[in-house]
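Undergrad: Provided below for reference: sequence and predicted model.
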Amino acid sequence: MAADPTNAPAGAAPAGASPAGDAARQAAAQLVADLPPAPAVWCSGLRKRYGKRQAVEEVSLQVGRGEVVGLLGPNGAGKTTVIKMLLGLVTPDAGEAMLFGSPAADPASRTKVGYLPELFRYQPWLSAAEVLALHVRLSGVAVPAAEQREVLALVGLGERAGDRVGGFSKGMQQRLGLAVALVARPEFVVLDEPTSALDPLGRADVRDIVLSLRERGVAVLLNSHLIGEVERVCDRVVILDRGRVATSGTLAELLGQRELRLELTGVTPAAEARLAATGLVEREGDWFTVALPAEDAGDAVPDLVGDLVAAGVRVHAVEPVRISLEERLLGILRATADARAEAEERA
Amino acid sequence: MSTARTVLTIAGLTLREASRRKVLRALAGLTIVLLVLSAWGFSRLSAESEFGTLTSGEARLVASQLLNLVMFGLSLIAALGTAFLAGPTLSGEIESGISLSLLARPVRRWAVLAGKWLGLAAFGSGFVVLAGLAQCLVVQATVGYWPPQPVVALALLAAQTVVLLTLGLLLSTVISPMASGVVAVGLFGATWIAGVVGGIGEALGNDGVARVGTISRMLLPTDGLWRGAMHAFQDPAALLQFGQEMEGFPFLSEAPLTVAYLAWAAFWVLMIWGLAALSFRRKDL
């Protein structure tokens, strides 16, 4: 978990008021200036209990500037509660959360944050354009009307700007929510299930929007059940299960394990030994699945195939197998469930 | 975003909601019905009844009572209107999810609450003052009676509305939208009845029963302010002349409000508003 507390409160670092004189003070000031900018969001040890249910337990995570992080996990894992605690909408029982280096409890820390809630509803008596104007006013950022219209057009509501929100379908309301999240020039956007009410076209639009945000250096925290989408757009993934961080890391770290499927005949014991030397082997008839080493300069596959051919094996097919994020997620969730069951049994 | 701008933005939004949600039209419709009915009633009273044979003092007393009765109807409309507006405006928005995106903006929760309160207070007071003034004009046109202190009376009616909507806001931070409206209106009615009971107690010289009214007026100042408003609407000379016979009558008030009571009402509003802000600040959305 990349929750490095020294990284977070950059703004709160000591000002270097040393009695040793100007040089020391300057050095200290330089040190502070050279600190990397505080991450878009950083939290440590967040806990929240609703009645008897522990919704969130010791959650720590970080989204760096310009980074796109996916938040995954089964229903009731505490994803939305974590998001609400990061935005000051729910008060944590314990732990700390910072937005751009300021405590999340301070409203000013949310100036550069855009949010599309899971439960998206907007004033039905206002028009789409009026909802955006309201949010621009509340955010305190001066966004000209033309730019607001552009954001509406970006989410596909350009033609409906003057229509009352009360007449919008769920999908259109979610598109409006996306526009609300984007309108005040945010540097960090939190999207909680942004495609739950959208058709396939809308989902593709959201994916394009997230990718364009990443290009512009806007940080994104994306909570979605559509793992394929997360896999396509996220730099890093945090997996929550039962209120705890089950695992987190870059996609390469999480999906690092690669496999190779080969259809072989005339396999000699020497060839079998060669396969086993590469990695774990599973055999189904003529099909062999070999786990490839995590650290590989790109020689593992050609070397293996060359050696097999040299050993007289007839190679009919060679297919790379990539573990999907979905398989990995299910694997992690099952593993934690098994571990829990075991622990309960022991208790 | 300065806090003042948040307050004004939310107040404007609340007023816009009231006008767009047809609350304004519904209230205006009800008020017009009440005004027309009262105009008809007052005109029949002067034309057909023994109104012409009454002494001028008696006529003013009857007009005072009737004006108070109709004003009670108006204040009831205002109470129902603001209580049912104040309830959904907070808890309804929390329930539906509208608050989520709004409160994720760089705004302080108490500023949002202050904006709602200001918008509702402007709406409720504006309604009471306009409708009350129209009613006074109707009475003036039909029976020629003009209340002695119309400004004080209308201001007290507006204050009564503000008291009730502040209570409605507090309730809406802790209970559901529908329940908060029902409880606020229920308390308003209960206090009024307690006030009537207290008045009867005073007329009968029963201190215990009279205390019911005094205590309820302290707990929720709507009835106290209403009695102050009635006193400012009614003719003081007529009351002096016939007051003894009318003791305990629910649509006449014997005494004006004291400064201490007005101060208490203002403190009460501040206190309840503070509680609402405290409760809203801690609320998990």
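TA: Here it is on my side, so go on.
Undergrad: helix or strand next in line after the lowest-mean-pLDDT helix or strand in chain B, which one?
TA: Ranked by mean pLDDT, DSSP states H and E, the helix or strand of chain B with the weakest confidence is helix B:236-242, at a mean of 66. Sequence order places helix B:259-281 as the next helix or strand after helix B:236-242, per DSSP states H and E.
Undergrad: close to chain A, is that next one?
TA: No: judged by CB under 8 Å from any CB of the partner chain, helix B:259-281 stays clear of chain A, getting no closer than 9.0 Å. (Glycine included, C-beta is placed from N, CA and C.)
Undergrad: spell out for me which residue occupies the centre of chain A.
TA: The residue lying closest to the centre of chain A (CA atoms, centre = their mean) is A:Gly70, at 1.6 Å.
Undergrad: and the helices in the stretch 151-300 of chain A?
TA: For the stretch 151-300 of chain A, the helices defined by DSSP state H, counting those that start in this stretch occupy A:170-183, A:200-215, A:227-233, A:251-254, A:269-278, A:300-310.
Undergrad: lowest-confidence stretch among those?
TA: Here the lowest mean pLDDT among the helices of the stretch 151-300 of chain A goes to helix A:251-254, at a mean of 76.
Undergrad: for it, packing partners?
TA: Helices and strands touching helix A:251-254, by 3 or more CB pairs under 8 Å, 6 or more residues apart in numbering or on different chains; DSSP states H and E, are strand A:236-241, helix A:325-346.
Undergrad: A:Val301 and chain B: what is the separation?
TA: Here the criterion is CB to the nearest CB, to the nearest Å. By it, A:Val301 lies 49 Å from chain B.
Undergrad: circling back: most tightly packed of the helices and strands packed on helix A:251-254?
TA: The highest average neighbour count among those, using mean count of other CB atoms under 10 Å in any protein chain shown, belongs to strand A:236-241 at a mean of 24.
Undergrad: tell me what angle that strand forms with helix A:325-346.
TA: 30 degrees (axes from the mean of the first three to the mean of the last three CA atoms, to 10 degrees).
Undergrad: averaged pLDDT, strand A:236-241. What do you get?
TA: Strand A:236-241 comes out at a mean pLDDT of 91.
Undergrad: contacts for it?
TA: Identification of contacts with strand A:236-241 by CB atoms under 8 Å, 6 or more residues apart in numbering or on different chains yields A:2, A:59, A:61, A:67-74, A:77-79, A:82, A:230, A:245-251, A:254, A:325, A:329, A:332-333, A:336.
Undergrad: for the chain, which spans come out with low pLDDT?
TA: All of this is about chain A. Of all residues in chain A, those with pLDDT under 70 make up the ranges A:1-20, A:256-257, A:294.
Undergrad: that's the wrong chain, I wanted chain B
TA: Along chain B, the model assigns pLDDT under 70 to residues B:1, B:47-56, B:238-251, B:254.
Undergrad: ok, B:Val139 - contacts?
TA: Contacts of B:Val139 (CB under 8 Å, 6+ apart): B:38, B:42, B:63, B:66-67, B:70, B:145-146.
Undergrad: any idea which helix or strand carries it?
TA: Element membership for B:Val139 (DSSP H and E) is helix B:109-143.
Undergrad: with A:Glu319 instead?
TA: strand A:314-322.
Undergrad: other SSEs contacting that strand?
TA: Short answer (3+ CB pairs under 8 Å, 6+ apart): strand A:314-322 packs on strand A:258-265, helix A:300-310.
Undergrad: let's see that with 10 Å instead.
TA: Applying 3 or more CB pairs under 10 Å, 6 or more residues apart in numbering or on different chains; DSSP states H and E, one finds that strand A:314-322 contacts strand A:258-265, strand A:287-292, helix A:300-310.
Undergrad: wait, which of these is closest to A:Leu46?
TA: For A:Leu46, the closest of the helices and strands packed on strand A:314-322 is strand A:258-265, at 34.2 Å, according to CB to CB.
Undergrad: what comes up buried for the closest one?
TA: By 16 or more other CB atoms under 10 Å in any protein chain shown, the buried positions in strand A:258-265 come out as A:258-260, A:262, A:264.
Undergrad: on that earlier part again, using neighbour counts, trim the contacts of B:Val139 to the buried set.
TA: For the contacts of B:Val139, buried by 16+ other CB under 10 Å: B:38, B:42, B:63, B:66-67, B:70, B:145.
Undergrad: need the residues you listed in CSV (columns: secondary structure).
TA: CSV is the format used below for the buried ones among the contacts of B:Val139 (DSSP: H, G, I helix; E, B strand; the rest coil):
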residue, secondary structure
B:Ser38, helix
B:Phe42, helix
B:Ala63, helix
B:Leu66, helix
B:Leu67, helix
B:Val70, helix
B:Tyr145, coil
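Undergrad: spatially nearest residue to the residue in the stretch 201-347 of chain A that chain B sits nearest to (excluding sequence neighbours)?
TA: Closest residue of the stretch 201-347 of chain A to chain B, CB to the nearest CB: A:Leu221 (12.6 Å). Distance criterion CB to CB, 6 or more residues apart in numbering or on different chains; nearest residue to A:Leu221, sequence neighbours excluded, is A:Val190 at 4.8 Å.
Undergrad: quick one: contacts for the one you found?
TA: A:40-41, A:63, A:71, A:83-84, A:86-87, A:113-117, A:181, A:219-223, B:104 (CB atoms under 10 Å, 6 or more residues apart in numbering or on different chains).
Undergrad: which of these fall within strands?
TA: Mapping those onto strands (DSSP state E) picks out A:41, A:63, A:71, A:113-116, A:219-223.
Undergrad: backbone dihedrals for A:Ser102, please?
TA: Dihedral angles of A:Ser102 (phi, psi; degrees, to the nearest 10) stand at phi -110, psi 150.
Undergrad: was I right about the residue of the stretch 201-347 of chain A closest to chain B contacting A:Val69?
TA: Yes: using CB atoms under 10 Å, A:Leu221 is in contact with A:Val69, at 5.4 Å.
Undergrad: touching both of the two, which residues are there?
TA: A:40-41, A:61, A:63, A:234, A:238.
Undergrad: the residue nearest to the centre of chain A contacts A:Val230, correct?
TA: Yes: here A:Gly70 reaches A:Val230: they are 3.7 Å apart, a contact under CB under 10 Å.
Undergrad: so what sits against both of those two?
TA: Each of A:210, A:222-224, A:237, A:251, A:325 lies in contact with both A:Gly70 and A:Val230 under the rule CB under 10 Å, 6+ apart.
Undergrad: who in chain B is up against chain A?
TA: Remark: the part of chain B in contact with chain A comprises B:1-3, B:5-6, B:8-10, B:12-13, B:16-22, B:93, B:95-109, B:111-112, B:281-285, using CB under 10 Å from any CB of the partner chain.
Undergrad: can you select the buried ones from those residues in PyMOL?
TA: A single PyMOL command selects the buried members of these (16+ other CB under 10 Å):
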select buried, chain B and resi 1+6+8+9+10+12+13+16+17+18+20+21+93+96+97+98+99+100+101+102+103+104+105+106+107+108+109+111+112+283+285
